[in-house]
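>>> structure for this input, please:
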Amino acid sequence: MYSEHGDVCVDTGVICVTDIENLKHEAGNAFKDVRDKRYSGFSFDVEPGTYRVDVSIPDTWNGEVEESYDIEVRSGTVVVTDPCYWFDNVDHEMWSDFLDKYEFCQRSSDEFMFVSSMGGDGTYSVSVTLTKIHFENDMTAK
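Predicted coordinates:
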């Protein structure tokens, strides 16, 4: 199990938990690595595999938020961020395509967990716990 905590600045009303490689893939040429920026949220390393992600945000516009979802982590680097910061502002088409694909970050997937129930933008104190439910090289079912 992995547990991390940090502040996440939200500018699009959503927090994303994903493997960094998924952001690189979706952003394509518009990708910009902002892990060294104070507003970018936080990242941490885990073993590749499938994880149950539990997110807890104690103080939001809508009170406490707790959500869970399963995601695949292939590269081993997980980011907790507002995804808009990872798309270069010059290429609006890639960001627009991303929003369309994930229904404006309202539809989580095997690659992306979106949390949008905070009620608005701001800086949120976010706790994330990842519990491995399937190892990358494990042939057993979840």
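
>>> and Thr60, which of the three is it?
Three-state assignment for Thr60 (DSSP: H, G, I helix; E, B strand; the rest coil): coil.

>>> that one touches Asp121, doesn't it?
No. Contact criterion Cβ atoms under 8 Å: Thr60 and Asp121 do not qualify, at 10.5 Å. Where C-beta positions appear, they are placed from N, C-alpha and C, glycine not excepted.

>>> list the residues that contact the residue nearest to Thr77 when sequence neighbours are not counted.
Closest residue to Thr77 apart from its sequence neighbours, by Cβ to Cβ, 6 or more residues apart in numbering: Ile20 at 4.4 Å. Contacts for Ile20 were tallied using Cβ atoms under 8 Å, 6 or more residues apart in numbering; they are Asp33, Ser43, Ser75, Thr77, Val78, Val79.

>>> can we see that at 7 Å?
Taking Cβ atoms under 7 Å, 6 or more residues apart in numbering as the criterion, Ile20 is in contact with Ser43, Ser75, Thr77, Val79.
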